[in-house]
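Participant: have a look; sequence and predicted model below, questions after that.
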Amino acid sequence: MSIFVYGDESGVFDAAHHDVFVFGGLVFLNKEARDAEYRRFIAAERKLAPLYGATDRNFELKACRLKNKHKAGLFRSTNHCIRYAFVVDQRNVNENIFSSKKSKQRYLDYVYKVGLKRVFGRLIQAGKLKPSSVSGLFIRFDEHTTATDGRYELREAIEQEFKFGTHNFKYNTFHPPLFPGMQGTVHLEFRDSKNDALIRASDIIANQMWYHEISGQFEKMEGKAIVVRFP
């Protein structure tokens with residue numbers, strides 16, 4: 001089986017001016033579920049599009065443009081899906097991480113890789129995912145300014161973690177791969193959200209999680225996504 005993951009981010013990773021940063025998105029355990037949700041989300045968007053002056057088929061409803069009730073409606077349209085959120089409390093992140101663009105990106109890559117591992121771990125514990133049956137992992141993320149070499153490093157790190165396992169040389173230990181039967185590679189793709197409804201759905205999820213966190217209302221999101229907190 002193949003796993004399909006979609007993601008986006010909300011907030012700014014800058015502890016000097018912001019407290020919270022969130023990755024959010026969707027996980028699908030088969031292509032049929034992914035394709036069905038793609039169609040369902042587009043249908044939900046089309047109901048709202050005329051309210052925002054969108055008249056052609058290439059419209060894009062980003063969370064930053066939508067009214068709260070419409071964001072909530074689009075969020076509900078993904079209720080039957082596996083949603084995730086990686087919530088970073090920047091007040092507790094080591095200040096040295098913010099010293100350079102490279103160190104910030106490495107930390108965010110770590111958050112995303114570990115966050116995904118914990119999401120998959122919970123799905124395995126719940127009996128929804130059999131590790132030995134996973135043959136491929138496909139990840140699509142909203143396009144941003146990450147350099148090409150940075151994207152390559154993230155893909156390599158995810159593949160190492162899930163397909164080959166990792167060594168901790170400091171403690172002379174080996175952590176086995178999560179998906180030992182994976183035959184293919186990890187496919188990591190960054191796309192313009194205009195061209196992918198499920199990245200737009202991830203934008204809504206990330207935004208809703210971020211908003212409820214900064215407004216002190218996160219209890220309303222309990223049970224609505226697999227949430228992993230950092231650091």
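Facilitator: Received, thanks. Note that the structure is a prediction, hence the values are computed from the model and not measured.

Participant: tell me which residues in stretch 212-231 are buried?
Facilitator: For stretch 212-231, the neighbour count (16 or more other C-beta atoms under 10 Å) marks 212-213, 218, 221, 224-228, 230 as buried. Every C-beta, even on glycine, is put in place using the N, C-alpha and C of the backbone.

Participant: tell me which of these is nearest to residue 77?
Facilitator: residue 224 (12.7 Å; C-beta to C-beta).

Participant: contacting residues for that closest one?
Facilitator: When contacts are counted by C-beta atoms under 8 Å, 6 or more residues apart in numbering, residue 224 touches 79, 83.

Participant: how about the buried residues of stretch 212-231 in JSON lines, adding pLDDT and secondary structure?
Facilitator: JSON lines is the format used below for these (pLDDT from 0 to 100; DSSP: H, G, I helix; E, B strand; the rest coil):
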{"residue": "212", "pLDDT": "97", "secondary structure": "helix"}
{"residue": "213", "pLDDT": "98", "secondary structure": "helix"}
{"residue": "218", "pLDDT": "97", "secondary structure": "helix"}
{"residue": "221", "pLDDT": "96", "secondary structure": "helix"}
{"residue": "224", "pLDDT": "97", "secondary structure": "coil"}
{"residue": "225", "pLDDT": "98", "secondary structure": "coil"}
{"residue": "226", "pLDDT": "98", "secondary structure": "strand"}
{"residue": "227", "pLDDT": "98", "secondary structure": "strand"}
{"residue": "228", "pLDDT": "98", "secondary structure": "strand"}
{"residue": "230", "pLDDT": "98", "secondary structure": "strand"}
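
Participant: save the residues you listed as CSV, and put in distance to residue 108 too.
Facilitator: As requested, those are exported to CSV (distance: C-beta to C-beta, whole Å):
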residue, distance to residue 108
212, 21
213, 17
218, 21
221, 21
224, 23
225, 19
226, 18
227, 17
228, 13
230, 10
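
Participant: of all those, which two lie farthest apart?
Facilitator: Taking C-beta to C-beta as the measure, those have their most distant pair in 224 and 230, spaced 19.0 Å apart.

Participant: thinking again about what came up before, so which of the buried residues of stretch 212-231 comes closest to residue 82?
Facilitator: Nearest to residue 82 among the buried residues of stretch 212-231 is residue 226, at 7.1 Å by C-beta to C-beta.

Participant: distance check, that closest one against residue 203.
Facilitator: 18 Å (C-beta to C-beta, to the nearest Å).

Participant: equivalent analysis for residue 72, please.
Facilitator: Applying C-beta to C-beta to residue 72 and residue 203 gives a distance of 14 Å.

Participant: and those two? Which one has more around it.
Facilitator: Neighbours per residue, other C-beta atoms under 10 Å: of residue 72 and residue 203, the larger number sits with residue 203, 27 against 14.
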